[in-house]
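# build me a model from this:
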Amino acid sequence: MKGTKTILFALILLALSAGSLYAKEATILYTGNTHAMLYPCSCPFERDGGIARRASLVKEMRKKHPGLLLLDCGAFTAGGLLDEYTQNVRLDMQRSEVNLKAMELMGYDAVAVSNDEFNFGKDFFLKNARENNPAFLSANLKSDKIVPYIIKQASGIKIGVIGLTSLAAGNKSEGLKVTAYTVIDELVRRLKSEGVEVVAVLSSLNKKDNLDLISRVKDIDILFIGYNAGKDEFEPRIGSTFIALPFWQGRKLGKLTLEVKDGKLLNCKNEEIRLSDKIADDPGILAILPRCYSDANCKKDGLIGSCQNPGEPVANCVFTEPNKLRLMVITAKDCVVCNTEPVIEQLKKQFPGVSTEYIDSQRAEGLIKDLSIEVLPAYIIGREVEKEANFENFKNNLELKSGFYLLKPQVSGISYFVRRQVKKGSLDLFCSLFDKDSAGLLTVLREFNPDLHFLVVEKDAGFEARNGPLEIEESLRGVCVQKYYPQKFWDYLTCRSKNINSSWWEDCLSEVDTQKIRNCAKGAEGKSLLKENIALNKEVQVSLNLSYLLDNYQIFSSRGVPDKEELRKIIKK
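Predicted structure coming up:
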């Protein structure tokens, strides 16, 4: 009997210790900055989004990840400066109400209260907050319907979610008091002391305040940035805090996979899932969703849609045949990088009646001369486009010449310079060493021996660069290395691109006179060399990183590091 008790005790001990060996996983789905966008976007490409698709995807995710959390970072209300689908107060308010009801049906656990939630005043917000079930969160905005935080169990992980509201809400909330965001400091400590394993904050603060927040409060595990921030404004992780930014207008659904061990967040994988047309609409959401609120919600390829009785239960889309428009596309037989399909598709979205006629540049010499066309492909439409409903919204992209409208090159892109001298075998590369892909790019391109041009712009008596003085100094050193030690130039660039944030640039040069490089870079000689290096940038109007000029007249770019074999094929052609 004694032996049996010993064995039982040992097994229990083993089970308990084994449990701490493995990390637990939980899933958080998140949105934000939707501005009550109910339907897929009216974009020329990737018409993603829509609450009916979102609801279907959430249901699918719940089957795969039972117990997941569903959160919104705020700005789920229509109206305001950032709502590009705004129409009038009545329809915008109605759209906001439908959006909130849909979020309730989707089972949102919590939504943050942002400045935009008061676009129609305090009473409208409070009425809808009382009628809908998601927890409305703000630790620094006081109201009977708003709570500072919630605590949820997700797959065995105790997660605390706190809301923070921008002080700007005080100008629109009609007496509701908005206090400083420092109220969160003690709140985070309290949650951690109560055994909360992961603290997440839904914040609508600005960039400066968000950075200040996570620098002071070390126990914030995940910070959701609720204002409309660019993807490059924040690193994925700052200190011990993971950063999550919702996708604009809900066109994608954010998904976080949390890995927690011994009460600490070890890792947080962030994904964006497209709400594409491959996702079926949820019937329950369709039941509360009017067919349309505007013509923008009525899309069908090759037809023009108009919304009848917008926002009403009897709303309907009526489609008609478009007017026929002749589009002439001039390109060149020897252009190996000309890709006209994306631009033509975009034009067809704007003007469904477009029919395309391709003309080779040799046949179009007279037209090229009459219209002073400098670059190809060229896209030409007759003046009948002026009768189109979308013309007024689109005309800034067009230029009127000799009775024709040309699509501006800055809209259509440039692939081929009509009158530049051909230099067979030449390859120019326009690149910043501060780009995350620069090290891989230089490794791939080395065998092609391109002439490298730094992405610096001459300005007044000096220079400008995206990464400021550090990039300018690096470019000045680069051109000086190229002049005095050309055989070491490529090795130097590759080395620096791998350690660009290090100030020890001398470590990338051996057996050279580094003082000579320093004197050159700091003096007039370096400035002169850099002006010469970047002269071609201005000539061919390049400002985009990872751009290439082939044979001095064909220009293209790549997203990230290009495939070596694909690049070799382009050059051989």
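# all contacts plus neighbour counts: C-alpha atoms, from now on.
Will do.
# got the residue ranges for the strands in the stretch 451-573 of the chain?
Ranges of strands within the stretch 451-573 of the chain are 451-454, 456-459, 462-465, 547-550, 554-557, based on DSSP state E, counting those that start in this stretch.
# oops, could you answer that again for the stretch 1-150 of the chain instead?
24-31, 69-72, 110-112, 135-137, 146-147, 149-154.
# what about stretch 257-273, distance to the chain center?
The chain centre lies 22 Å from the centre of stretch 257-273; the measure is C-alpha atoms, centre = their mean, to the nearest Å.
# could you do stretch 246-264 as well?
Put simply, stretch 246-264 sits 16 Å off its chain's centre (C-alpha atoms, centre = their mean).
# and the end-to-end length of it?
24 Å (C-alpha to C-alpha, to the nearest Å).
# and that stretch, what's buried?
246-261, 263 (16 or more other C-alpha atoms under 10 Å).
# swap in stretch 73-87?
Taking 16+ other C-alpha under 10 Å as the criterion, stretch 73-87 shows 73-80, 83, 85-86 as buried.
# same check on stretch 277-291?
For stretch 277-291, by 16+ other C-alpha under 10 Å, it's 279, 281-282, 285, 289-291.
# try stretch 261-275
Buried residues in stretch 261-275 (16+ other C-alpha under 10 Å): 261, 263, 265, 267-268, 270, 272, 274-275.
# tell me which residues are up against it.
20, 22-24, 48-50, 53-54, 57, 196-198, 221, 242, 244, 247, 251-260 (C-alpha atoms under 8 Å, 6 or more residues apart in numbering).
# please apply the same query to stretch 431-444.
Residues contacting stretch 431-444 (C-alpha under 8 Å, 6+ apart): 452-455, 467, 471, 493-498, 500, 545-547, 560-564.
# rerun that using 10 Å as the cut-off
Outside of stretch 431-444, the residues within contact range by C-alpha atoms under 10 Å, 6 or more residues apart in numbering are 429, 449-450, 452-456, 465-467, 470-471, 474-475, 490-491, 493-501, 543-548, 559-565, 567.
# likewise for stretch 228-242?
32-33, 75, 82, 199-200, 204, 206-207, 211, 214-215, 217-225, 243-249, 265-270.
# so which of these sit within strands?
Of the contacts of stretch 228-242, the ones assigned to strands by DSSP state E are 199-200, 222-225, 243-244, 265-270.
# in a markdown table: the residues you listed, plus pLDDT and distance to residue 381.
Supplementary listing: the ones in strands among the contacts of stretch 228-242 in a markdown table, determined by pLDDT from 0 to 100; distance: C-alpha to C-alpha, whole Å:
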| residue | pLDDT | distance to residue 381 |
| --- | --- | --- |
| 199 | 97 | 56 |
| 200 | 97 | 53 |
| 222 | 97 | 51 |
| 223 | 96 | 49 |
| 224 | 96 | 46 |
| 225 | 93 | 43 |
| 243 | 95 | 46 |
| 244 | 95 | 44 |
| 265 | 94 | 57 |
| 266 | 93 | 57 |
| 267 | 94 | 53 |
| 268 | 95 | 50 |
| 269 | 95 | 47 |
| 270 | 95 | 44 |
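# mind splitting this protein into its structural domains?
Domain segmentation of the chain under automatic domain parsing yields 22-280, 294-321, 325-417, 427-572.
# appreciated, that's everything.
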